[in-house]
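K.L.:
Prediction below, plus the sequence it came from.
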Amino acid sequence: MTAPASPTKVRGETILSVDNLVKHFPISRGVLFQKQIGAVKAVDGVSFELRRGETLGVVGESGCGKSTLARLLMRLETPTSGRATLEGRDLFKASGSELRRLRRNMQMVMQDPYTSLNPRMTVGDIIGEPFEIHPDAAPKGSKRQRVQELLDVVGLNPEHVNRYPHQFSGGQRQRIGIARALALRPEVIVCDEPVSALDVSIQAQVINLLEQLQDEFGLSYIFIAHDLSVVRHISDRVAVMYLGKIVEIGTEEEIYERATHPYTQALLSAVPVPDPDAREDRNIIRLTGDVPSPADPPSGCRFRTRCWKAQEVCATQEPHTVRRAADPHPSACHFAEVRPGA
Ligand SMILES: Nc1ncnc2c1ncn2[C@@H]1O[C@H](COP(=O)(O)OP(=O)(O)O)[C@@H](O)[C@H]1O
Ligand code: SF4
Ligand SMILES: [Mg+2]
């Protein structure tokens, strides 16, 4: 399998651009005459860029809108508003052959390798399924060979093409999911918590495989996780999400060494530290309570009900992502600053 190479494709240029993306799920009441009484603001104004060949980690607690964001990008959900372009083409306006091309170029790896693979299909049929929709990707008669190549690429035995998902371990099943995502040679892969359901010992193997495939095929990843420690190794940049919004985004170093948003600082505080001395010195911030309902988010700053730094202004004015001269990565907090002694 060869990488999709083109002299015009430059590593580091923007491949995917997301601008003020919103997804509100309506809440309705009434049997005969359904009336909308509210909305779950799952994604509420998300903007970012993904560069060619990079991994953007997306992190936040459960319910923050990460999967909805992934599903919007895969066009499995229709946005309420906002725009996204893949290689300059409008993702949400595309139709017909242009949509087919865009779909082919962006694939997804799901969270749960146990439920995302059809138990009644052989591994060969699962991995080869995208070729049924895009027959030009595997010329007639070459499908089996292509599937076996894909098994080999993800570190599975090509001879196991006729086996069923239950004959594989969790980590192997996630490799099958990755092989299926690679089948159409996409340039962007959205990985929605691809290792969350796996044992810790297996997580690193799957992450290493994704990194190796990225180098080999020049892939760009959106890598979603609920834990900052999982994405550190693989991410070039990290976006931290809270209640439908990105609250801080920066390079790996900016987020892990110089986080300025209290939510990011709290998530970092929960990351285990292997060194016992460093552990003792650490000033832990405990995040208490659950994420509030996205149907009724707090006024002003959405994090204020759980923030130890909250002031009056936080309830009345929504903080927008600002760049400070001293630390130019964006952080949506009125009092953004690096935490001393963190
Ligand atoms: N189809 C849907 N209808 C209504 N609410 C939804 C739907 N999908 C997700 N939600 C809600 O949107 C919010 C964000 O969910 P999700 O994107 O799955 O978050 P995450 O992946 O970060 O855990 C949650 O409150 C969830 O209940
Ligand atoms: S704006 Fe206020 S409530 Fe929000 S994170 Fe900053 S200090 Fe906390
Ligand atoms: Mg999710």
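P.N.:
Everything's here; your move. Numbering: from 1, shown residues only. Ligands and ions are numbered 1, 2, ... in the order given.

K.L.:
The residue of the stretch 1-150 of the chain found nearest ligand 2: how many residues sit nearby?
P.N.:
The nearest approach of the stretch 1-150 of the chain to ligand 2 comes at Gly60, 13.8 Å away (Cβ to the nearest ligand atom). Bear in mind the C-beta positions are built from the backbone N, C-alpha and C, glycine included. Neighbour count for Gly60, taken as other Cβ atoms under 10 Å: 27.

K.L.:
could you measure Val188 against ligand 3, distance?
P.N.:
According to Cβ to the ion, to the nearest Å, Val188 stands 18 Å off from ligand 3.

K.L.:
Can I get stretch 63-72 in PDB? Just the C-alpha atoms.
P.N.:
Taking C-alpha atoms only, stretch 63-72 is exported to PDB below (Å, rounded to 0.1, in the frame of the first residue of the first chain):
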ATOM      1  CA  GLY A  63     -20.700  14.600  27.800                       C
ATOM      2  CA  CYS A  64     -18.600  17.600  26.600                       C
ATOM      3  CA  GLY A  65     -19.600  17.000  23.000                       C
ATOM      4  CA  LYS A  66     -16.500  15.200  21.600                       C
ATOM      5  CA  SER A  67     -18.400  12.400  19.900                       C
ATOM      6  CA  THR A  68     -21.000  14.800  18.500                       C
ATOM      7  CA  LEU A  69     -18.100  16.900  17.000                       C
ATOM      8  CA  ALA A  70     -16.600  13.700  15.500                       C
ATOM      9  CA  ARG A  71     -20.000  12.700  14.100                       C
ATOM     10  CA  LEU A  72     -20.600  16.200  12.600                       C
END
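
K.L.:
Which residues does it contact?
P.N.:
21, 23, 42-44, 46, 58, 60, 77, 79, 84, 108, 111, 190, 192-193, 222, 224, 226, 241-244, 291, 294 (Cβ atoms under 8 Å, 6 or more residues apart in numbering).

K.L.:
Tell me the residues of the stretch 51-200 of the chain that contact ligand 1?
P.N.:
Gly60, Ser62, Gly63, Cys64, Gly65, Lys66, Ser67, Thr68 (Cβ under 6 Å from any ligand atom).

K.L.:
Tell me the one among those nearest to ligand 3.
P.N.:
Proximity of those to ligand 3 was ranked by Cβ to the ion; the top entry is Ser67 with 3.2 Å.

K.L.:
how far away is the closest one from Leu73?
P.N.:
Separation of Ser67 from Leu73 (Cβ to Cβ, to the nearest Å): 11 Å.

K.L.:
More neighbours: which of the two?
P.N.:
More crowded of Ser67 and Leu73, by other Cβ under 10 Å: Leu73, with 23 against 20.

K.L.:
Locate the nearest residue to the more buried one once chain neighbours are set aside within the secondary structure: which element?
P.N.:
Spatial nearest neighbour of Leu73, excluding adjacent residues (Cβ to Cβ, 6 or more residues apart in numbering): Val190 at 5.7 Å. Secondary structure assignment for Val190, by DSSP states H and E: strand 188-192.
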